[in-house]
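[1] using only what follows, build the 3D model:
(chains A and B)
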There are 2 protein chains.
Amino acid sequence: MEIKLKTKVWLEADGEKLFGDGPCDILSRIERTGSLRQSAAEINMSYSQAWKLVQMIEDNLGYPVLDKQAGGAGGGHSTLTPRAATLTRAYSQFRREADHQLDLLYKKHLAPALKSGQ
Amino acid sequence: MEIKLKTKVWLEADGEKLFGDGPCDILSRIERTGSLRQSAAEINMSYSQAWKLVQMIEDNLGYPVLDKQAGGAGGGHSTLTPRAATLTRAYSQFRREADHQLDLLYKKHLAPALKSGQ
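    Numbering: from 1, shown residues only, chains lettered A, B, ... in the order given. Here you go, the predicted structure:
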């Protein structure tokens, strides 16, 4: 029996979802690739689904996250707005360190308790 | 706008839910009060709902969590099995320290990023 710690983390503003792992993932990919189309393909999402996701992220945050430059047939080049880039990097760093701390605490408290009970 | 960090944490075994905040809460109350009935009342649950919850917890864990002693009209006295008590205490401690670490990381990474964007 393989036991795993599962976690969900997100930000809420006045009880409404503001930002979380999904938004952080797509925005990080856009920042890395410079392309909404390529980012969508990486996570097996259609371009229109990814576009809707970005619009939902903008609705939730209340500000634009993409500086979109019109391109040719390739679909243009997308970069994050400074505000979205700041949030995305901070959230990524937060999530990485949170996962590490949770793993340490799992090993400290839960792994021994689960083992002693077997 | 008040921004809050929200988290969900649980344990899975082979992809199935094993234990989490809800089970830990009711078992902690039973350990403290010695009574399933009183624990149920504290969280506005009926006795039969709480009993079903305990049975679900036992199904998920695969072992008994309550040493139930038959009582009189009061409904008897309930204590946790040693194995359930060990897990409940370890999970509580894990959750408390995890919340603390997540709060520190929120203040380190997210609070400044959310502030700088305003």
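
[2] A:T33: how many residues sit nearby?
    Using other Cβ atoms under 10 Å in any protein chain shown, A:T33 is surrounded by 16 other residues. For glycine as for every other residue, the C-beta is placed from the backbone atoms N, C-alpha and C.

[3] contacts only, for the closest residue to it other than its chain neighbours.
    In space, and not counting its chain neighbours, A:T33 is closest to A:S39: 5.5 Å by Cβ to Cβ, 6 or more residues apart in numbering or on different chains. Neighbour list for A:S39: A:26, A:29-30, A:32-33, A:50 [criterion: Cβ atoms under 8 Å, 6 or more residues apart in numbering or on different chains].

[4] so which of the residues you listed wins on neighbours?
    Most neighbours among the contacts of A:S39, by other Cβ under 10 Å: A:I30, with 26 neighbours.

[5] can I assume that one sits in a helix?
    Yes. Under DSSP: H, G, I helix; E, B strand; the rest coil, A:I30 sits within a helix.

[6] just to check, it is in contact with A:L80?
    Yes. Applying Cβ atoms under 8 Å, one finds A:I30 in contact with A:L80, separated by 6.3 Å.

[7] can you point out the buried residues in the host helix or strand of the residue nearest to A:T33?
    Element membership for A:S39, per DSSP states H and E: helix A:36-42. Neighbour counts over helix A:36-42 (16 or more other Cβ atoms under 10 Å in any protein chain shown) mark A:36-40 as buried.

[8] between A:I30 and A:L80, what contacts are shared?
    A:L66.

[9] name the helices or strands packed onto the helix ranked longest in chain A?
    Longest helix of chain A, by residue count under DSSP state H: helix A:82-105. Contacts defined by 3 or more Cβ pairs under 8 Å, 6 or more residues apart in numbering or on different chains; DSSP states H and E place helix A:82-105 against strand A:3-13, helix A:21-33, helix B:82-105, helix B:111-116.

[10] tell me if the last one is near chain A.
    Read that as helix B:111-116. Yes. Under the criterion of Cβ under 8 Å from any Cβ of the partner chain, chain A is reached by helix B:111-116 at B:112-114, B:116.

[11] of those residues, just the buried ones, PyMOL syntax please.
    The following PyMOL line selects those of these that are buried, judged by 16+ other Cβ under 10 Å:
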select buried, chain B and resi 113+114
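
[12] in TSV: the residues of helix B:111-116 next to chain A, plus pLDDT.
    TSV is the format used below for the residues of helix B:111-116 next to chain A (pLDDT from 0 to 100):
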residue	pLDDT
B:P112	92
B:A113	92
B:L114	90
B:S116	73
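
[13] how about JSON lines for the residues of helix B:111-116 next to chain A, with distance to A:L18 added?
    Below are those laid out as JSON lines (distance: Cβ to Cβ, whole Å):
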{"residue": "B:P112", "distance to A:L18": "16"}
{"residue": "B:A113", "distance to A:L18": "12"}
{"residue": "B:L114", "distance to A:L18": "9"}
{"residue": "B:S116", "distance to A:L18": "15"}
